[in-house]
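Visitor: Quick one, what's the 3D model for this:
(chains A and B)
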Number of protein chains: 2
Amino acid sequence: MEVGGKKLTVQEAKPEAFDGLDIALFAAEGAIAKALAPEAVKRGCLVLDKSSAFRMDPTIPLVVPEINLEATRSHRGIIASPNCSTAIALMGLYPLHQLFGVKRAFFATYQSVSGTGADAIDELEAQTQAYAKGEALTKKVYPYQIFQNVIPHIDSFGGDGYTGEETKMREESRKIMGLPALKVSATCVRVPVVRAHSVAVNAEFERPVDLAAARQALAAFPGASLLDDPANKVYPTPLDFSRQVKCGVGRLRHDTALDNGLAFWVSGDNLWKGAALNSIQIAEAMIKAGIPLKAK
Amino acid sequence: MEVGGKKLTVQEAKPEAFDGLDIALFAAEGAIAKALAPEAVKRGCLVLDKSSAFRMDPTIPLVVPEINLEATRSHRGIIASPNCSTAIALMGLYPLHQLFGVKRAFFATYQSVSGTGADAIDELEAQTQAYAKGEALTKKVYPYQIFQNVIPHIDSFGGDGYTGEETKMREESRKIMGLPALKVSATCVRVPVVRAHSVAVNAEFERPVDLAAARQALAAFPGASLLDDPANKVYPTPLDFSRQVKCGVGRLRHDTALDNGLAFWVSGDNLWKGAALNSIQIAEAMIKAGIPLKAK
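Guide: Here you go, the predicted structure:
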């Protein structure tokens, strides 16, 4: 495979493939991660896993390096990377939490089809092309047409009526920020966007909020890019935050339904900060901080 | 103009045009409504106005007939019809309020381009066709590309950081339901959908909520169609609720971030229930209830 002008050899991931490696970036399904991660660990390799397989395991750190890099110090060979929407939403919520102490958050997401995978990008593309030609639209990946539609359904439904994606946003936010009692309610929605997810957030805090301090904290936070000048139409959109390292935060305002509340909007690249980039950032930050890659 | 096989004459709306009419359905901009509605009233004609010009005037009823038809009894010649997203959201929220008493609501909207007008439908269509041909996309109506993008900006921004659309959802919900102290926070977002708006709602109630009773109330409510069987992928989408008289309500669940809370999803036709249909329904309901069309 040619990547960035270099020829790379793609091999089947067998246990022996991890011999002699320091770090493995896992970006496969949960079942593959569960089968192969212990094999890599056995061979002294640090696994940075993007799947949901290990995220809620209390013995495994779930890490966004701008938030809880310190959690990597206790790793036993596997470090999990969070759900895409969670990582993106927290790039706005966490710096505000540091200032005011978050108690409760409502998330409504606008998630791109690339979060589903390459076949979903193909499906939106095929529906778009069919529409433009006046042909009938077909579907296979999503239960409903995604072109010129939105679908309030990501991942499978649990008994409480929330989807897996919505439950992940709650549980992973709690674990990453170290707030087991944090109240979270999410509604996760697929939109006909190719890349980058957006999240509308309403958050309630312990202490009175100050907009100037909040903006300052967001502007200074390494994972966020503050785009918040609505009078001049400056706010993030997913198109502008595709292929961006930082997540865009804007539309910051006092929440009219909460005491000590803020409403805001975040857009970020689900394939970068929401996936592989976060794993790479964990490795880089551990090396920079001198945190051992080898499990204790 | 030919409409439904009938030839209709389109005339410029001059004051004299209202002579001898019982009802005028106004579907023009606020400035036109303000100039012509008093002229119609002067001639004994009932004005059902779709613009935002009169909605928050305390002397003018703002009406969704399934909710507050009784408010029309005090009309002085003008009755206002609400903002599209508000009317649609309330088709889910109001029957739940009747059961449990709503205290607070969070709205995140997914609004179609037809809410902006015909030129916005044309813009999405032109961007779609240009994309399919591999040509450059141009924009004029929206500040950002709307094709394969979402824009968290509808109407102009107020000093509090909320847009006019978001403020309308708060103020109009209060007036229509007769709840001046209701807490509402809305985030209004344009999505690349042609027709029908959707709203993700988190609502807190005075009394404990019961899902079975909530579903029963929604199923019985004349403005709602309950589509709530997520295990079988049954929930509303905007595509399915385009050109539908009722609004679809689904994804009903106990809210994990609120005591006595419910989360749910509503999709409804912004051009029908969110606009002209509601005005027609007001007229029909008044006539059926024997409420005088003539102002006192």
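
Visitor: Of all residues in chain A, which one is nearest the centre?
Guide: A:C84 (2.1 Å; Cα atoms, centre = their mean).

Visitor: Does A:Y131 touch A:L137 like I think?
Guide: Yes: at 6.2 Å, A:Y131 and A:L137 qualify as touching, with contact defined as Cβ atoms under 8 Å. Every residue, glycine included, has its C-beta placed from N, CA and C.

Visitor: Enumerate every residue touching the closest residue to the residue nearest to the centre of chain A other than its chain neighbours.
Guide: Among residues not flanking A:C84 along the chain, A:G274 sits closest, at 2.9 Å (Cβ to Cβ, 6 or more residues apart in numbering or on different chains). Listed by Cβ atoms under 8 Å, 6 or more residues apart in numbering or on different chains, the contact partners of A:G274 are A:83-85, A:87-88, A:115, A:197, A:268.

Visitor: pLDDT value on A:G274, please?
Guide: A:G274 is assigned 93 on the pLDDT scale.

Visitor: The stretch 1-150 of chain A: helices as residue ranges?
Guide: Using DSSP state H, counting those that start in this stretch, the helices of the stretch 1-150 of chain A run over A:30-42, A:65-68, A:84-100, A:118-132.

Visitor: again, but for the stretch 151-296 of chain A
Guide: A:164-177, A:211-220, A:277-289.

Visitor: how about CSV for those, with distance to chain B, mean neighbour count and mean pLDDT added?
Guide: Converted to CSV, the helices of the stretch 151-296 of chain A look like this (distance: least, Cβ to the nearest Cβ, whole Å; neighbours: other Cβ atoms under 10 Å in any protein chain shown; pLDDT from 0 to 100):
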stretch, distance to chain B, mean neighbour count, mean pLDDT
helix A:164-177, 6, 22, 98
helix A:211-220, 8, 15, 98
helix A:277-289, 21, 18, 98
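
Visitor: how about stretch A:58-70: buried residues?
Guide: Buried residues in stretch A:58-70, counted by 16 or more other Cβ atoms under 10 Å in any protein chain shown: A:60-69.

Visitor: could you dump the helices of the stretch 151-296 of chain A to a markdown table with distance to A:P238?
Guide: Shown next, in a markdown table, are the helices of the stretch 151-296 of chain A (distance: least, Cβ to Cβ, whole Å):
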| stretch | distance to A:P238 |
| --- | --- |
| helix A:164-177 | 17 |
| helix A:211-220 | 18 |
| helix A:277-289 | 16 |
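
Visitor: Of all the ones you listed, which one is nearest A:D259?
Guide: For A:D259, the closest of the helices of the stretch 151-296 of chain A is helix A:211-220, at 14.9 Å, according to Cβ to Cβ.

Visitor: Just the residues contacting that closest one, thanks.
Guide: Residues contacting helix A:211-220 (Cβ under 8 Å, 6+ apart): A:92, A:95-96, A:98-100, A:224, A:226, A:228, A:249, A:252-254, A:262.

Visitor: can you narrow the residues you listed to ones near chain B?
Guide: Within the set of the contacts of helix A:211-220, contact with chain B (Cβ under 8 Å from any Cβ of the partner chain) is found for A:252-254.

Visitor: tell me which of these is nearest to chain B?
Guide: Using Cβ to the nearest Cβ, A:R253 comes nearest to chain B of these, at 2.8 Å.

Visitor: so the closest one bridges to which residues?
Guide: A:A263 (DSSP bridges).

Visitor: What about it, how many residues nearby?
Guide: 25 (other Cβ atoms under 10 Å in any protein chain shown).

Visitor: right, and it touches B:G161 too?
Guide: Yes: judged on Cβ under 8 Å, A:R253 makes contact with B:G161 at a distance of 2.8 Å.

Visitor: what sits in contact with each of these two?
Guide: Counting by Cβ under 8 Å, 6+ apart, the contacts common to A:R253 and B:G161 are A:A263.

Visitor: show me what contacts the closest residue to A:Q281 other than its chain neighbours?
Guide: Spatial nearest neighbour of A:Q281, excluding adjacent residues (Cβ to Cβ, 6+ apart): A:P65 at 4.8 Å. By Cβ under 8 Å, 6+ apart, the residues touching A:P65 are A:278, A:281-282, A:284-286.

Visitor: And for A:L226?
Guide: Contacts of A:L226 (Cβ under 8 Å, 6+ apart): A:215, A:218-219, A:249-250.

Visitor: Show the pLDDT at it.
Guide: So A:L226 comes in at 98 (pLDDT).

Visitor: same deal with A:A295?
Guide: Reported pLDDT for A:A295: 87.

Visitor: Pull up the gap between it and chain B, please.
Guide: Going from A:A295 to chain B by Cβ to the nearest Cβ, to the nearest Å gives 35 Å.

Visitor: Quick check: chain neighbours aside, which residue is closest to A:L48?
Guide: In space, A:L48 is closest to A:S279, 4.1 Å off (Cβ to Cβ, 6+ apart).

Visitor: hang on, isn't the one you found packed against A:V47?
Guide: No: assessed by Cβ under 8 Å, A:S279 is found out of contact with A:V47, at 9.6 Å.

Visitor: so what's in contact with those two at the same time?
Guide: What both A:S279 and A:V47 touch, as defined by Cβ under 8 Å, 6+ apart, is the set A:F26.

Visitor: Given the lowest-mean-pLDDT helix or strand in chain A, what are its sheet partners and their directions?
Guide: None of the helices or strands of chain A scores lower by mean pLDDT, DSSP states H and E than strand A:2-3, at a mean of 92. Strand A:2-3 pairs in its sheet with strand A:6-7 (antiparallel), by DSSP bridges.

Visitor: burial count for A:A231?
Guide: If we define neighbours as other Cβ under 10 Å, then A:A231 has 9 of them.

Visitor: and it, how far is that from chain B?
Guide: 6 Å.

Visitor: Run a quick check on that residue versus B:G158, I expect a contact.
Guide: No: with contact defined as Cβ under 8 Å, A:A231 and B:G158 do not form a contacting pair (10.1 Å).

Visitor: Tell me the confidence at the closest residue to A:L21 other than its chain neighbours?
Guide: Leaving aside its sequence neighbours, A:L21 sits nearest to A:C45 (Cβ to Cβ, 6+ apart; 4.6 Å). Listed pLDDT for A:C45 reads 97.

Visitor: how about A:C45, what does it touch?
Guide: A:18, A:21-24, A:77.

Visitor: Most neighbours among the residues you listed, please name it.
Guide: A:A24 (22 neighbours).

Visitor: Now do the same contact list for it.
Guide: Taking Cβ under 8 Å, 6+ apart, one finds A:18, A:40, A:45-48 in contact with A:A24.

Visitor: Mind doing that once more with 6 Å?
Guide: Contacts for A:A24 (Cβ atoms under 6 Å, 6 or more residues apart in numbering or on different chains) come out as A:18, A:40, A:45, A:47.

Visitor: Make sure the last one is actually in contact with A:P38.
Guide: No: with contacts defined as Cβ atoms under 6 Å, A:V47 does not count as touching A:P38, sitting 8.7 Å away.

Visitor: More neighbours: these two, which one.
Guide: Remark: of A:V47 and A:P38, A:V47 carries more neighbours, 26 against 14, as counted by other Cβ under 10 Å.

Visitor: who's in contact with that one?
Guide: Counting by Cβ under 6 Å, 6+ apart, A:V47 has contacts A:24, A:26, A:37, A:40, A:78.

Visitor: Between these, which sits nearest chain B?
Guide: A:I78 (27.9 Å).

Visitor: The residue nearest to the centre of chain A: what's it in contact with?
Guide: A:115, A:197, A:270, A:274.

Visitor: hmm, 8 Å instead?
Guide: A:C84 neighbours (Cβ under 8 Å, 6+ apart): A:111, A:115, A:197, A:270, A:274-275.

Visitor: cool, and A:R43?
Guide: A:15, A:18-21.

Visitor: With respect to A:T9, which of the residues you listed is nearest?
Guide: Looking across the contacts of A:R43 and measuring by Cβ to Cβ, the closest to A:T9 is A:L21, at 14.4 Å.

Visitor: Isn't that closest one up against A:A40?
Guide: Yes: contact criterion Cβ under 8 Å: A:L21 and A:A40 qualify, at 7.4 Å.
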